[in-house]
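Visitor: here is my input; please provide its structure:
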Amino acid sequence: MNDLTTTTNTGPALYRASTDAAGLCKEIVVATARNIQGRKYVQFEGWQAIAIAHGCVASSGSVERVEGGYRAIGRVIRMDGGQEIATAEGFVGDDEKMWASRPEYARRAMAQTRAISRACRSAFAHVVVMMNAGLSTTPAEEVYEEPAAELDLTPIQQAADLAALKTAFDALNKRHKDDDSRAKIIAAKDKRKAVLQQPAGTVVDGDTGEVV
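Guide: Alright, predicted model coming up:
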């Protein structure tokens with residue numbers, strides 16, 4: 001039998017069950033965690049894995065349209081006896097820029113996702129801490145993520161000397177942290193640096209960095 005689903009309700013036994021669960025599902029929780037502005041947050045799939053490792057199932061009931069948005073209730077229920085151990089509300093507001101223009105089904109689904117993640121957090125936040133993996137216990141779906149800034153390489157292309165090039169490069173690197181943008185920034189910097197390092201009077205193609 002699975003010890004996690006037959007644990008007696010004593011402090012030490014529950015603690016041991018949580019320690020075992022943390023070890024069982026740590027890999028999937030870490031693998032599915034989402035990096036938002038330099039911090040890692042547990043996503044819906046990770047919270048579900050934690051619940052299952054405890055012999056529980058997480059689900060959401062009906063979604064209702066309320067003043068200001070959509071509301072859902074999430075529940076964590078034990079598989080062996082149907083005991084409800086945690087509930088929580090999930091909400092998607094009409095004032096959320098990311099969701100205001102989305103179809104109704106998408107907003108309803110996100111309300112449910114948030115409700116389930118929040119219910120799991122209520123029951124199992126301590127398990128995330130036990131994993132010691134640098135994860136925040138705030139569900140990823142509740143964290144506001146700034147839209148990615150549009151990559152504009154003009155400052156680098158217009159840098160008139162190496163000092164200006166370094167300033168432009170550093171500023172773009174701080175603003176764009178994804179690998180694809182970083183690669184484009186480095187390529188543009190190297191191309192412009194090659195132009196600036198040519199002897200005075202040399203005619204260089206501004207696009208390719210090659211001597212004409």
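
Visitor: what average pLDDT does stretch 88-97 get?
Guide: Stretch 88-97 shows a mean pLDDT of 93.

Visitor: span of that stretch from start to end?
Guide: When the termini of stretch 88-97 are compared using CA to CA, to the nearest Å, they are 23 Å apart.

Visitor: mind listing residues that contact that stretch?
Guide: Stretch 88-97 is touched from outside by 60, 68-74, 99-100, 107-108, 110-119, 121-122, with contacts defined as CB atoms under 8 Å, 6 or more residues apart in numbering. The C-beta positions use only the backbone N, C-alpha and C, and glycine is treated the same way.

Visitor: repeat that for 7 Å
Guide: 68-74, 99-100, 107, 110-115, 118-119, 122 (CB atoms under 7 Å, 6 or more residues apart in numbering).

Visitor: can you check stretch 182-193 too?
Guide: 151, 153, 156, 157, 159, 162, 165, 169, 172, 173, 176, 209.

Visitor: quick check: buried residues in that stretch?
Guide: By neighbour count on 16 or more other CB atoms under 10 Å, the buried set for stretch 182-193 is 184, 185, 188, 189, 191, 192, 193.

Visitor: now flag whichever of these is closest to residue 130.
Guide: Checking the buried residues of stretch 182-193 against residue 130 by CB to CB gives residue 185 as the nearest, at 39.0 Å.

Visitor: look up how far residue 143 lies from that closest one.
Guide: Distance from residue 185 to residue 143, counting by CB to CB, to the nearest Å: 26 Å.

Visitor: please apply the same query to residue 61.
Guide: 24 Å.

Visitor: report the buried residues of the longest helix anywhere in the chain.
Guide: When the chain is parsed with DSSP state H, its longest helix is helix 104-130. The neighbour-count check on helix 104-130 (16+ other CB under 10 Å) flags 107-121, 123-125, 127-128, 130 as buried.

Visitor: and the direction of the helix or strand where residue 23 lies versus that of helix 104-130, what angle?
Guide: When elements are assigned from DSSP states H and E, residue 23 belongs to helix 11-32. Calculated by axes from the mean of the first three to the mean of the last three CA atoms, to 10 degrees, helix 11-32 forms an angle of 120 degrees with helix 104-130.

Visitor: is residue 182 in a helix, a strand, or coil?
Guide: The three-state assignment at residue 182 reads helix, by DSSP: H, G, I helix; E, B strand; the rest coil.

Visitor: from residue 196, how far out is it?
Guide: Taken as CB to CB, the span from residue 182 to residue 196 is 21 Å.

Visitor: residue nearest the centroid of this structure?
Guide: In the chain, the residue lying closest to the centroid (CA atoms, centre = their mean) is residue 34, at 2.8 Å.

Visitor: so what pairs up with that one in the strands?
Guide: Bridge pairing for residue 34 (DSSP bridges) gives the partners residue 41.

Visitor: can you read off the pLDDT for the nearest residue to residue 24 once chain neighbours are set aside?
Guide: Nearest in space to residue 24, with sequence neighbours left out and distances taken as CB to CB, 6 or more residues apart in numbering, is residue 53 at 4.5 Å. Looking at residue 53, its pLDDT reads 92.

Visitor: give me phi/psi at residue 53?
Guide: The phi/psi pair for residue 53 (degrees, to the nearest 10) reads phi -60, psi -20.
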